[in-house]
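Any chance you could fold what I've pasted below:
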Amino acid sequence: GALTQLLAFALAGSKESADLPKPIIAVSYASPRVGNKGYLEKYKQLEKEGLLRHIRVSNQGDIVTVSPSMGFYQTGLNIHVAEGKEVEIGYCKDRSLMSQLNTNALGNHGLPTYHGRLFISRNTTAISMDIEELYKKYT
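Down below sits the predicted model:
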């Protein structure tokens with residue numbers, strides 16, 4: 001997840017990758033926070049310019065997605081999953097460390113838990129939208 005964000009950022013903002021089709025599209029699962037406030041602002045600018053799109057899937061109770069907790073920020077359009085609930089979608093939505101603490105923090109970091117919470121009938125509408133539709137509706 002972290003490397004996905006960093007590579008997408010580098011490709012979208014680099015003169016060396018100017019020939020690549022834009023926007024650069026990144027989809028990350030269970031990603032930690034990777035950048036400071038300046039990084040977040042530049043990331044948002046690349047998104048606003050249509051050079052970058054990032055869908056970030058996070059899971060309730062996954063402590064990795066809120067780490068490191070001080071001075072780092074999450075990027076992109078967040079699809080947040082939780083057991084027994086419909087997904088929450090929000091732009092640059094960041095959660096606190098306290099909101100993610102639980103007794104199964106590492107178990108909630110695994111792809112099977114993410115998959116089981118995302119790909120359920122109540123989320124069909126959200127997961128059927130393409131990235132541009134999601135960005136138009138939620139940013």
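
could you point out which element follows the worst-scoring helix or strand of the chain on mean pLDDT?
Within the chain, confidence by mean pLDDT, DSSP states H and E is lowest for helix 97-100 among all helices and strands, at a mean of 56. Using DSSP states H and E, the helix or strand that directly follows helix 97-100 along the chain is helix 111-118.

Packing partners of that following helix?
The contact analysis (3 or more CB pairs under 8 Å, 6 or more residues apart in numbering; DSSP states H and E) places helix 111-118 against strand 52-59, strand 77-81. In short, each C-beta sits where N, CA and C put it, glycine included.

I would like the residues contacting the shortest one, please.
With contacts defined as CB atoms under 8 Å, 6 or more residues apart in numbering, strand 77-81 is touched by 53-60, 87-95, 114, 117-118, 123, 126-127, 134-135, 138-139.

Show me which positions of that strand end up buried.
Leu77, Asn78, Ile79, His80, Val81 (16 or more other CB atoms under 10 Å).

And stretch 1-18, by the same measure?
Applying 16+ other CB under 10 Å to stretch 1-18 flags Gly1, Thr4, Gln5, Ala8, Phe9, Leu11, Ala12, Gly13 as buried.

how close does the third one sit to Ala26?
So that's Gln5. For Gln5, the distance to Ala26 equals 6 Å [CB to CB, to the nearest Å].

and for those two, which residues touch both?
His54, Gly76.

Could you list the low-pLDDT ranges of the protein?
By pLDDT under 70, the weakly predicted segments of the chain are 92-106.

how about the strands in this structure?
24-29, 52-59, 77-81, 88-91 (DSSP state E).

and the ones you listed as TSV, adding distance to Gly110?
TSV is the format used below for those (distance: least, CB to CB, whole Å):
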stretch	distance to Gly110
strand 24-29	10
strand 52-59	9
strand 77-81	13
strand 88-91	20
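
What's opposite the residue nearest the centre of the chain in the beta bridge?
Ranked by distance to the mean C-alpha position of the chain (CA atoms, centre = their mean), the top residue is Arg56 at 1.6 Å. Following DSSP bridges, Arg56 is listed with bridge partners Ser28, Asn78.

That one and Ser31 touch, don't they?
Yes: if you go by CB atoms under 8 Å, Arg56 and Ser31 touch, sitting 5.9 Å apart.
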